[in-house]
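> the amino acid sequence is not available; the structure is as follows:
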């Protein structure tokens, strides 16, 4: 039973890692694997599951506001930050419909960039500063993508280390 549970956890963790690297919420799959393992064997402990839950929630919040923060870091307006967030969501939806998975990532980046750029272009009436601000949202979104992938990997390693047969 211990080996089967470990194989299931590996599958959840690998799928979660793939999902995170493709801009989906894979951290929650690792948490789900941890909950299933905890209910079956008692490992990992409750404290780790609470920590995983907090990390998953923080990662989602960080992802949701990344475009806004990227715009604000480059001295963009709050409106441009908000429109970048909306543009990223719209881009993800449209990109997924055109070309699933990779279209989602491209849609998030293009939608965030376009939302921030056009908002700042209208506000500033200048092309160059609007481009500078809009690129802030792209870099922030890419950072979050790498952050969530690294977080998913770290959570997976810890969970699998804890559940490895013989440990």
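Received, thanks. Source: prediction; values computed, not measured.
> as a check, name the ranges of all helices in the protein.
For the chain, applying DSSP state H gives helices covering 2-21, 27-41, 46-73, 78-98, 102-124, 127-163.
> how far off helix 46-73 does the shortest one point, in degrees?
Just to be clear, that refers to helix 27-41. Here helix 27-41 runs at 170 degrees with respect to helix 46-73, directions being taken by axes from the mean of the first three to the mean of the last three C-alpha atoms, to 10 degrees.
> let the chain start at 288 from now.
Got it, the first residue is 288 from now on, which makes the last one we talked about helix 314-328.
> give the buried residues for helix 314-328.
314, 315, 316, 317, 318, 320, 321, 324, 325 (16 or more other C-beta atoms under 10 Å). Bear in mind the C-beta positions are built from the backbone N, C-alpha and C, glycine included.
> apart from its chain neighbours, what residue comes closest to the first one?
Closest residue in space to residue 314, ignoring its immediate chain neighbours: residue 343 at 4.4 Å, by C-beta to C-beta, 6 or more residues apart in numbering.
> got a list of what the one you found touches?
Shown in contact with residue 343 (C-beta atoms under 8 Å, 6 or more residues apart in numbering): 312, 314, 315, 318.
> any chance of those in JSON lines with distance to residue 353 and pLDDT as columns?
Shown next, in JSON lines, are these (distance: C-beta to C-beta, whole Å; pLDDT from 0 to 100):
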{"residue": "312", "distance to residue 353": "14", "pLDDT": "88"}
{"residue": "314", "distance to residue 353": "15", "pLDDT": "97"}
{"residue": "315", "distance to residue 353": "18", "pLDDT": "97"}
{"residue": "318", "distance to residue 353": "21", "pLDDT": "97"}
